[in-house]
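**Q** give me coordinates for this.
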Amino acid sequence: MNNDDLQPVEDCELEEAGNFVVVHDKLLGRSIVINRDGAELIKLIKTYGIDRATELIGNERDDNPLTIVPKARVFLKEIRDSTSLSNKINIRNLTEEDIKLFSNSDECSFDVSDLKMTYSVFPNNFFVAEFNRIPVGMIGCPIYRPVGRIGWLFVRREARHRGVGTSLAKYALNFLNAENVSLIMLNASSSGFPIFKKLGFIETGHIIFMTKETESATGYVAKNEIHPNEATASLIEEICAYDKISTGLNRKHILETLLQNPGNELFIKRNERGELGGYLICQKDAIGPWVCEPAIAHELLTSALSRHKRTRIIVPGSNRHVKTLLQNFGFTEISQCVVMYKGNYNLTNLSTTNSLLSSANG
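**A** Coordinates of the predicted model:
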């Protein structure tokens, strides 16, 4: 093949992390992973695309300087040649380099900001599956005693249906069992549901993803608008205590992180006795967590939406009141996930939980 016959390919992207590079050929809809020893192959793929670069690599002509390539691992081929990876992967702790890799993948569906925030609080509770020292999947399992949660389960497209997801799920389950939590909960997608069902998790409801794309809504101005509150140390302590009583979970560390973020806004409402009756946190483009007595849900939401009109929210399917309230404000349902548990399920007071922190965190 003559190099002059090749036309550059524009639809290639490089995704660098650690000692490897992921090359996405958007034209063909394929990706490969190469270690950094294959720098010349990376250049070829960037210029000519995966298929044509592979042809060049196979060209043994002495006058072709591009045929001399150090040991380059073509990851896609290795994956396709492996029927199962469950006995070939290594599971280790997640690193910030791994987060960068997974965050830049267009296959990733979870909230990256939520992952980074939770990882900052629970750095030892996130894990990566490696194949030939290349990350192919991840999972997280923060603990809000007495509950441990499983979330952020992700497997790269090339490694799916090879036992990686199941191996990660088992690893997280064993980790949480060793931490002596009495209950393990998760929100399962359609792809994750069969994995966790086989591991003995029981379905107990669903969560609803809702979004508001327009700025118009009915009943928008509150009679007594609640303005954002400064998250002082004493107020944070009060909110954490209220949240624990209302949800049964110890979410102190993650709530502190949320409330200390200057980009988030806090709304609270007190009852006639001056006691905290509920709170709502507005993140960058999401509402939640939002925990309060039903009677003041409308007032908190109205005040929040007066400042954040384009947003998304995750609602417990069991709380029909808040779903109706959100629909009246112009929110629409876009998808659902199944809530599953394993262990001693005794969380009965769910009427005060109007929105979740995130899909993975609950």
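**Q** how about residue 240, what does it touch?
**A** 251, 252, 255, 256 (C-beta atoms under 8 Å, 6 or more residues apart in numbering). (Each C-beta comes from the backbone N, C-alpha and C, glycine too.)
**Q** and the spatially most central residue of the chain, what pLDDT?
**A** For the chain, the residue nearest the mean C-alpha position is residue 110 (2.8 Å; C-alpha atoms, centre = their mean). Listed pLDDT for residue 110 reads 78.
**Q** phi and psi next, for it.
**A** phi -90, psi 170 (degrees, to the nearest 10).
**Q** same thing with the one 10 residues further on?
**A** The phi and psi torsions at residue 120 (degrees, to the nearest 10) take the values phi -70, psi -30.
**Q** wait, doesn't it sit right on residue 257?
**A** Yes - Residue 120 is within contact range of residue 257, at 6.6 Å (criterion: C-beta atoms under 8 Å).
**Q** still on that earlier bit, how about the residue nearest to the centre of the chain, what does it touch?
**A** 151, 152, 154, 359, 360.
**Q** if we go to 10 Å?
**A** 102, 103, 138, 140, 151, 152, 153, 154, 189, 358, 359, 360 (C-beta atoms under 10 Å, 6 or more residues apart in numbering).
**Q** domains in the protein, as residue ranges please.
**A** Listed by automatic domain parsing, the domain ranges of the chain are 3-80, 89-181, 210-355.
**Q** now the buried members of the contacts of residue 110.
**A** 102, 138, 140, 151, 152, 153, 154, 189, 358, 359, 360 (16 or more other C-beta atoms under 10 Å).
**Q** check contacts around the residue nearest to residue 179 when sequence neighbours are not counted.
**A** Leaving aside its sequence neighbours, residue 179 sits nearest to residue 143 (C-beta to C-beta, 6 or more residues apart in numbering; 5.9 Å). Counting by C-beta under 10 Å, 6+ apart, residue 143 makes contact with 122, 125, 149, 175, 176, 179, 180, 181, 184, 249, 250, 253.
**Q** could you measure from residue 143 over to residue 254?
**A** 10 Å (C-beta to C-beta, to the nearest Å).
**Q** quick one: common contacting residues for those two?
**A** In contact with both residue 143 and residue 254: residue 122, using C-beta under 10 Å, 6+ apart.
**Q** ok, residue 209 - contacts?
**A** 187, 312-315, 332-337, 356, 359.
**Q** tell me the bridge partners for it.
**A** residue 314, residue 335 (DSSP bridges).
**Q** that older thread, now tabulate the buried ones among the contacts of residue 110 in JSON lines and tack on pLDDT.
**A** Shown next, in JSON lines, are the buried ones among the contacts of residue 110 (pLDDT from 0 to 100):
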{"residue": "102", "pLDDT": "82"}
{"residue": "138", "pLDDT": "95"}
{"residue": "140", "pLDDT": "97"}
{"residue": "151", "pLDDT": "94"}
{"residue": "152", "pLDDT": "94"}
{"residue": "153", "pLDDT": "94"}
{"residue": "154", "pLDDT": "91"}
{"residue": "189", "pLDDT": "89"}
{"residue": "358", "pLDDT": "78"}
{"residue": "359", "pLDDT": "76"}
{"residue": "360", "pLDDT": "78"}
